[in-house]
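Asker: starting from these lines, generate the structure:
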Amino acid sequence: MTPPSAPPPAVDRQALRWIAALFVLVMASRLLASHGVSWDQNEQLVWSQQLALGYGPQPPLYTWLQWGLVGVLGPSTLAVVLLKNSLIALSFVFMLLAARQVLPARQAWLAAAGMTWLPGIAWQLLRDQTHTVMLTCAICATWWLLLRQLRQPRPLGFVYLGLVVAWGMLSKYSYLLVAVTLLLACLSMASTRRALLSRGWWLTPLISIALVAPHAWWVLEHWQAASGATLDKLHPAETSSYLSGLAHGLRDLLAFLLLAVLPLLLMARWTSGRFWQQRAAATGAVNHSPTPDWLVPLLRRYMALVAGALVLMALAGAAKFDGRWIQPLLLIFPLYMLARWPALAQSDTSRRRYLLACLGMLVLVWSLALLAPLRDAKRGKGDRLNWQLDLIANTLRQAGYQGQGMVLAEHHTTGGVMRILFPQAKIVVCDADEPGFHKDCAWQAAESARRQHLPWLQISTEDPAPDAWWWAAWPVDAMLQVQEAELPYRWTDPARAQMQMNFVVSPAGR
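Answerer: Alright, predicted model coming up:
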């Protein structure tokens with residue numbers, strides 16, 4: 001192991017400048033492309049109205065951070081885009097720091113850049129993801145702090161590990177699989193086991209348990225809300241039998257595992273030839289951080305444990321897997337390749353081709369994500385990023401709603417947009433797609449507004465909410481008329497597609 005007095009490895013400043021430049025470029029292009037938000041980010045705008053120990057099927061940390069940003073920037077597209085893209089940029093920074101602990105500076109940047117060839121990074125993170133983005137960032141930070149601690153054990157390092165484990169658990173529950181498999185992999189080898197059980201090891205579980213405990217208590221009290229949606233996804237209702245579910249689960253698992261490694265292997269073959277047959281050149285003059293002899297076995301055991309755990313989940317009845325659940329677990333694969341085959345991208349030519357391939361992949365998927373709304377518009381397909389927010393706000397104001405009181409929305413997508421347009425209003429979402437749930441929810445929200453003599457808006461967008469959802473908020477024979485508006489999407493021929501908006505405006509005291 002590296003002696004305790006060894007200085008920390010230097011980080012490539014040019015790599016940090018590239019990450020910062022790309023962050024600014026992605027932020028600017030996203031804000032210029034659309035002021036709308038969609039799916040998960042709309043949900044965050046609704047949830048971040050207040051702090052709570054839990055918000056449903058996901059841990060609360062992302063929403064807590066969103067609450068803080070909304071408090072500074074207001075409920076806006078900037079607030080949600082800034083949080084997400086900051087976490088993406090930090091993911092690359094943390095992986096760069098992790099790789100620098102065990103690789104030379106010239107190779108460490110390649111490990112971070114190689115993540116662009118993992119579909120879970122290249123595509124999923126550029127789409128409308130929230131908790132998966134934070135999970136990715138937490139895993140990258142975990143690898144950095146763990147590898148640093150294995151190189152140079154010290155009590156303070158266990159404090160940092162405790163903090164990052166709590167961060168991961170409060171980001172997404174699947175982080176538990178990462179923590180357990182990492183622990184088992186480290187304990188399976190004598191050298192890493194000594195480092196992990198050195199003086200102060202108990203600080204990691206103490207700190208992480210203390211920080212996660214309040215939310216864990218909430219989960220126990222709200223078990224159905226916290227676990228129901230995830231269990232439904234793992235065990236879809238259409239699964240006809242155990243064998244059918246097992247076949248579907250193993251098929252999904254194999255496909256996503258291959259997607260996590262094959263693109264990167266093919267790219268490396270193109271940039272470096274048969275790198276697995278080449279011998280590494282001597283790099284003693286520049287390699288101030290020799291690759292530890294425990295690194296490759298540790299990474300190999302970790303990935304094998306992850307794959308084994310996922311297979312056990314399939315055998316236990318998980319009939320469906322999602323790429324965004326699996327791919328963050330294998331973020332370390334580019335680093336493993338560089339450690340396992342030191343000849344990979346070692347020459348200036350192959351290194352330059354490797355980095356250009358990574359930049360090209362990032363630009364490609366980034367362009368596809370940015371152009372998706374325009375493509376949908378030309379096809380006459382409605383896209384939430386093509387909603388004309390100003391037109392929506394003006395239509396509602398002309399109908400009599402001035403942005404005060406309360407908004408009762410049928411879906412988080414509608415609720416998030418209303419939060420941007422009417423930041424002074426309280427947004428309540430009673431999901432019209434959940435049978436029976438909207439009855440008590442809608443009545444209680446509307447009755448609260450009536451008791452306080454507040455104006456309120458009941459609204460649904462795109463597909464009209466069922467009649468029962470509208471009537472649930474009103475006493476018998478007291479419901480006002482539902483108004484309807486058809487609004488054009490950006491860039492879309494109104495004759496081909498328009499956004500339908502149904503709403504009821506109830507003035508104060510009604």
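Asker: who are the packing partners of the longest strand that the chain contains?
Answerer: If you go by DSSP state E, the chain has its longest strand at strand 498-506. Contacts defined by 3 or more Cβ pairs under 8 Å, 6 or more residues apart in numbering; DSSP states H and E place strand 498-506 against helix 389-398, helix 437-451, strand 456-461, strand 483-488. For the C-beta atoms, the positions are set from N, CA and C on the backbone; glycine is no exception.
Asker: the ones you listed: which one's closest to Met169?
Answerer: For the helices and strands packed on strand 498-506, proximity to Met169 was assessed by Cβ to Cβ; helix 437-451 is nearest, at 27.9 Å.
Asker: identify the residues contacting the closest one?
Answerer: 405-406, 408, 410, 428, 430-432, 455-456, 458, 468-469, 472-474, 506, 510 (Cβ atoms under 8 Å, 6 or more residues apart in numbering).
Asker: what do you get if the cut-off is 6 Å, keeping everything else the same?
Answerer: Residues from elsewhere that reach helix 437-451, judged by Cβ atoms under 6 Å, 6 or more residues apart in numbering: Gly405, Met406, Leu408, Val428, Cys430, Ala432, Trp456, Trp469, Ala472, Ala473.
Asker: how close does the first one sit to Arg379?
Answerer: As defined by Cβ to Cβ, to the nearest Å, Gly405 lies at a distance of 38 Å from Arg379.
Asker: let me have the contacts of helix 437-451 in CSV, extended by secondary structure and neighbour count.
Answerer: Formatted as CSV, the contacts of helix 437-451 follow (DSSP: H, G, I helix; E, B strand; the rest coil; neighbours: other Cβ atoms under 10 Å):
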residue, secondary structure, neighbour count
Gly405, coil, 20
Met406, strand, 21
Leu408, strand, 30
Val428, strand, 22
Cys430, coil, 25
Ala432, coil, 22
Trp456, strand, 27
Trp469, helix, 21
Ala472, coil, 24
Ala473, coil, 25
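Asker: in the stretch 51-200 of the chain, where is pLDDT below threshold?
Answerer: Within the stretch 51-200 of the chain, the stretches with pLDDT under 70 are 120, 122-128.
Asker: what of the chain?
Answerer: Low-confidence segments of the chain (pLDDT under 70): 1-8, 120, 122-128, 227-241, 280-290, 323, 435-439, 509-510.
Asker: farthest pair in the contacts of helix 437-451?
Answerer: Across these, no pair lies farther apart than Gly405 and Ala432, at 20.7 Å, counting by Cβ to Cβ.
Asker: list the contacts of Gly56.
Answerer: For Gly56, the contacting residues are Ala225, by Cβ under 6 Å, 6+ apart.
Asker: and Tyr55, by the same measure?
Answerer: Trp47, Thr63.
Asker: does it belong to a helix, a strand or coil?
Answerer: Here Tyr55 takes the coil state, with states given by DSSP: H, G, I helix; E, B strand; the rest coil.
Asker: roughly how far does it sit from Leu61?
Answerer: Distance, Tyr55 to Leu61, using Cβ to Cβ: 10 Å.
Asker: for the contacts of helix 437-451, which one is nearest Ile207?
Answerer: Ile207 has its nearest neighbour among the contacts of helix 437-451 in Val428, at 36.6 Å by Cβ to Cβ.
Asker: and the closest residue to the closest one other than its chain neighbours, how far from Gln50?
Answerer: Nearest residue to Val428, sequence neighbours excluded (Cβ to Cβ, 6 or more residues apart in numbering): Ala445, at 4.2 Å. Separation of Ala445 from Gln50 (Cβ to Cβ) stands at 15 Å.
Asker: between the two, which has more neighbouring residues?
Answerer: Between Ala445 and Gln50, counted using other Cβ atoms under 10 Å, Ala445 has the larger neighbour count: 24 against 9.
Asker: the stretch 51-200 of the chain: strands as residue ranges?
Answerer: With strands called from DSSP state E, counting those that start in this stretch, the stretch 51-200 of the chain shows none.
Asker: now do the helices in it.
Answerer: 61-73, 77-102, 105-113, 119-122, 131-151, 155-169, 175-187, 190-196 (DSSP state H, counting those that start in this stretch).
Asker: how big is the angle separating the very next helix or strand once past the last one from helix 175-187?
Answerer: It stands for helix 190-196. Once the chain leaves helix 190-196, the next helix or strand it forms, by DSSP states H and E, is helix 203-221. Between the axes of helix 203-221 and helix 175-187, defined by axes from the mean of the first three to the mean of the last three Cα atoms, to 10 degrees, the angle is 150 degrees.
Asker: so which bits of helix 203-221 are buried?
Answerer: Across helix 203-221, burial judged by 16 or more other Cβ atoms under 10 Å covers Leu203, Thr204, Ile207, Ser208, Leu211, Val212, His215, Ala216, Trp218, Val219.
Asker: of those residues, closest to Thr349?
Answerer: Comparing the buried residues of helix 203-221 against Thr349 with Cβ to Cβ picks out Thr204 as the nearest, at 43.3 Å.
Asker: would you map out the domains in this protein?
Answerer: Residue ranges for the domains of the chain, per automatic domain parsing: 13-370, 387-506.
Asker: quick check: end-to-end length of the longest one?
Answerer: Right, the one you point to is domain 13-370. End-to-end distance for domain 13-370, by Cα to Cα, to the nearest Å: 29 Å.
Asker: for Pro494, give me its contacts.
Answerer: By Cβ under 6 Å, 6+ apart, the contact list for Pro494 reads Pro488.
Asker: give me every residue that touches the residue nearest to Pro464 when sequence neighbours are not counted.
Answerer: In this structure, Pro464 finds its nearest non-sequential neighbour in Asn502, 5.1 Å apart by Cβ to Cβ, 6+ apart. Shown in contact with Asn502 (Cβ under 6 Å, 6+ apart): Ser460, Pro464, Val482, Glu484.
Asker: only whichever of those residues are buried, select them in ChimeraX.
Answerer: Here is the ChimeraX command that selects only those of the contacts of Asn502 that count as buried (16+ other Cβ under 10 Å):
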select :460,464
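Asker: name the nearest of the contacts of Asn502 relative to Tyr336.
Answerer: Set against Tyr336, the nearest of the contacts of Asn502 by Cβ to Cβ is Ser460 (48.7 Å).
Asker: how about the closest one: what's its closest non-neighbour residue?
Answerer: The shortest distance from Ser460 to any non-neighbouring residue, by Cβ to Cβ, 6+ apart, is to Glu410 (4.0 Å).
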